[in-house]
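A.B. asks: this one's structure only:
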Ligand SMILES: O=P(O)(O)OC[C@H]1O[C@H](OP(=O)(O)OP(=O)(O)O)[C@H](O)[C@@H]1O
Ligand SMILES: Nc1ncnc2[nH]cnc12
């Protein structure tokens with residue numbers, strides 16, 4: 001069997017984007033390589049596919065790229081989480097703290113069934129605010145977050161510890177690539 005590709009090799013780091021001090025981990029270089037993108041989705045499916053989930057829940061925009069591909073691969077549904085004013089039917093929302101100010105994400109109120117097992121997927125875990133907001137909306141619908149997956153985790157920001165703190169869930173949390181320094 002061929003050995004798995006080293007996915008970290010396909011991520012480009014751009015210093016001081018979008019502002020000074022941020023080392024931006026650019027996934028576009030991985031996306032543009034067919035075998036690397038496929039390997040990424042295959043690895044996520046291997047880590048999360050056994051959890052019996054029936055939906056993948058993802059936030060725009062970068063999360064959609066990976067979430068839609070994983071949902072297709074696993075043959076399960078895809079639920080979009082969007083910024084305000086984008087979803088047409090009744091929504092639930094969570095407002096969460098950013099480094100400066102706040103942000104709000106929405107999900108359709110009827111997107112998940114009570115007791116449904118779901119996976120949350122995103123390209124990157126930084127402070128954990130985005131993913132935590134998604135988990136809160138899943139719990140508001142009485143669904144069960146069974147897995148949380150990331151392509152990239154920025155270990156130094158400690159997002160993993162904040163993800164489920166105080167929430168009534170204990171999903172499997174896994175990331176394909178870890179950066180120990182920001
Ligand atoms: O762990 P956190 O501190 O919440 O950061 C991680 C989030 O930040 C990025 O999204 P961004 O909000 O930049 O939006 P985009 O996908 O539209 O680029 C990334 O795609 C994650 O969703
Ligand atoms: N360092 C980083 N690189 C890419 N996306 C991010 N989102 C939050 N922090 C990021």
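C.D. replies: Structure's in. What do you need? None of the values given here were measured: they were computed from a predicted structure. Ligands and ions are numbered 1, 2, ... in the order given.
A.B. asks: centre-most residue in the protein?
C.D. replies: Residue closest to the average C-alpha location in the chain (CA atoms, centre = their mean): residue 122, at 1.8 Å.
A.B. asks: near ligand 1 at all, the strand ranked longest in the chain?
C.D. replies: In the chain, with assignment by DSSP state E, the single longest strand is strand 144-154. No - Strand 144-154 stays clear of ligand 1 (CB under 6 Å from any ligand atom), getting no nearer than 7.9 Å. (Each C-beta comes from the backbone N, C-alpha and C, glycine too.)
A.B. asks: show residues contacting the biggest helix by length in the chain.
C.D. replies: For the chain, the helix that runs over the most residues, judged by DSSP state H, is helix 34-48. For helix 34-48, the surrounding residues in contact (CB atoms under 8 Å, 6 or more residues apart in numbering) are 4-5, 7, 10, 30-31, 66, 69-70, 73-74, 119, 121, 147, 149, 151, 172, 174, 176.
A.B. asks: how about a cut-off of 6 Å?
C.D. replies: 5, 7, 10, 30-31, 69-70, 73, 119, 147, 149, 174, 176 (CB atoms under 6 Å, 6 or more residues apart in numbering).
A.B. asks: ok, stretch 61-72 next?
C.D. replies: 41, 44, 56, 58, 78, 121, 122, 123.
A.B. asks: which bits of this structure sit near ligand 1?
C.D. replies: Residues of the chain lying near ligand 1 (CB under 6 Å from any ligand atom): 59-63, 122-130, 159.
A.B. asks: returning to what we had before: now do the longest helix of the chain, average pLDDT.
C.D. replies: Helix 34-48 carries an average pLDDT of 98.
A.B. asks: quick one: it to strand 144-154, angle?
C.D. replies: For helix 34-48 against strand 144-154, the angle by axes from the mean of the first three to the mean of the last three CA atoms, to 10 degrees is 140 degrees.
A.B. asks: quick one: buried residues of helix 34-48?
C.D. replies: Neighbour counts over helix 34-48 (16 or more other CB atoms under 10 Å) mark 36, 37, 39, 40, 41, 42, 43, 44, 45, 47, 48 as buried.
A.B. asks: helices and strands around whichever helix or strand comes after that helix, which ones?
C.D. replies: Once helix 34-48 ends, the next helix or strand along the chain (criterion: DSSP states H and E) is strand 55-59. Contact analysis of strand 55-59 by 3 or more CB pairs under 6 Å, 6 or more residues apart in numbering; DSSP states H and E lists helix 62-74, strand 77-81, strand 117-125 as its packing neighbours.
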